[in-house]
Each structure stands twice: as structure tokens, then as C-alpha cells.
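Participant: this is the structure alone, sequence omitted:
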């Protein structure tokens, strides 16, 4: 991570993040392991509405319990205050399908965190995060894919409260789930209507 200034990017304050990172404010959750693919996908949003951007880091090869490659997403929050600025590990979060409460089941090789997109999906002032798991099996269909949405909150940041899980059957217009569809392989969030009302 390289921080910007009035004269551009500054090298002196840059930092390297990994699953083994520690700083005075905390320790990154998880451990660096072969095949984790830490930072395979990245997204930036203000998940706690404090006017400082936060960083979502996809780790699609991360094991969850005994399930290799189930995948995870690490969240590091931005901060600016006396003597410190930028990303710090205070209250960092690690999300997997085991703790997002969408009703999805953890399984090996799902690639949760393979794709990320951040943006405002509600009108509460906090950005939300979409997480792709394109190799998730759905309704018996191999690698059909799914997308989880975690909503930001001005008080807590990203929260599993009201999280949502989507697959192709949720799109309507006769869309059906199919093997190797890889739904959630890439993601984007935009304001497709002019009145975000929740």
C-alpha cells in the first residue's frame, strides 16, 4: 500500500500487508499459507461511513477448517488521527461463508473472495460489499457460482446482519442454475437507478 500526498504517492509511509501482518493496533486474522492467494481480488469502500476508505482483500484459496480453498475476505479499515493515518489493523475482520449467515454451506474449492465489488446499495451512508464465489456448487450443479452481499453500517462497518446470497435462479426472466456457469466470476456495483431508497 502506497499513500498519496499533495505531490503524489509517497514511498516512506508505504506498508506491505499479508495474513501474517501485525502493527501496534492489532494482528491480521488468519495465517499465511501456501495457495491462499491473498490479494487475488481487491475492493475499496467506506464500509463504516467515517469518510476514510477501507480495503477488502480477497483470499479465495484460504482454507476454512478442513475445507481447502473455501476462501475468505479480509477487511482492513482506514483511519486518520494524531500520529497515525491510513490502514491499520484495529477491528480488522475476516469473513468466510461460515460467518456471513447467508445460509450457504462451506465446502472445499468454492473460492469465496475470488471477485469483490464495493459500493452503496442502500442509503445509510456506508458502502456495501459483494463477494463472488464462482466455484460454489448450487443445487447439485458443479461450479454454478454464488454471490454474497455484506452490508456496511455506520456504527460497525461490514456486518452479517441482513446479508444476502444470490445465484442465477434469483435473477428472474427464466434464468436457471447450470454447472460450470461460474456465476460471480467478476462483479461491479453501480447506481443503475436514480433513487437509492434501500
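Facilitator: Right, received. Where do you want to start? For clarity, every value in this text was computed on a predicted model and none was experimentally measured.
Participant: what helices or strands is the least confident helix or strand in the chain by mean pLDDT leaning on?
Facilitator: Within the chain, confidence by mean pLDDT, DSSP states H and E is lowest for strand 8-10 among all helices and strands, at a mean of 80. Under the contact criterion of 3 or more Cβ pairs under 8 Å, 6 or more residues apart in numbering; DSSP states H and E, strand 8-10 touches strand 3-5. In this view, the C-beta of every residue, glycine as well, is placed from N, C-alpha and C.
Participant: from the chain's centroid, how far away is the strand it packs on?
Facilitator: Remark: strand 3-5 is offset 24 Å from the chain centroid, using Cα atoms, centre = their mean, to the nearest Å.
Participant: sorry, back to before: pairing partners for the next helix or strand after the least confident helix or strand of the chain, with directions?
Facilitator: As assigned by DSSP states H and E, the chain's next helix or strand after strand 8-10 is strand 22-23. The partner list of strand 22-23 in its sheet, established with DSSP bridges, is strand 26-27 (antiparallel).
Participant: mean confidence for the strand it pairs with?
Facilitator: Per-residue pLDDT values across strand 26-27 average out to 88.
Participant: so where's the protein uncertain?
Facilitator: Applying pLDDT under 70 to the predicted model, the residue ranges of the chain that meet it are 11, 82-84, 173-174, 194-198.
Participant: biggest strand in it by residues?
Facilitator: Residue-count comparison of every strand in the chain, with assignments taken from DSSP state E, identifies strand 84-95 as the longest.
Participant: name the surrounding residues that touch it.
Facilitator: Residues external to strand 84-95 that are found in contact with it (Cβ atoms under 8 Å, 6 or more residues apart in numbering): 1, 3, 13, 15, 17, 21-23, 25-30, 54-55, 72-80, 131, 150, 157-158, 160.
Participant: any buried residues in that strand, and which?
Facilitator: 86-89, 92-95 (16 or more other Cβ atoms under 10 Å).
Participant: quick one: strands adjacent to it?
Facilitator: If you go by DSSP bridges, strand 84-95 pairs up with strand 72-81 (antiparallel).
Participant: flag every buried residue along the strand it pairs with.
Facilitator: Of all the residues in strand 72-81, those buried under the rule 16+ other Cβ under 10 Å are 72-79.
Participant: let me have the residues you listed in CSV, extended by distance to residue 101.
Facilitator: As requested, those are exported to CSV (distance: Cβ to Cβ, whole Å):
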residue, distance to residue 101
72, 15
73, 14
74, 18
75, 16
76, 22
77, 21
78, 25
79, 27
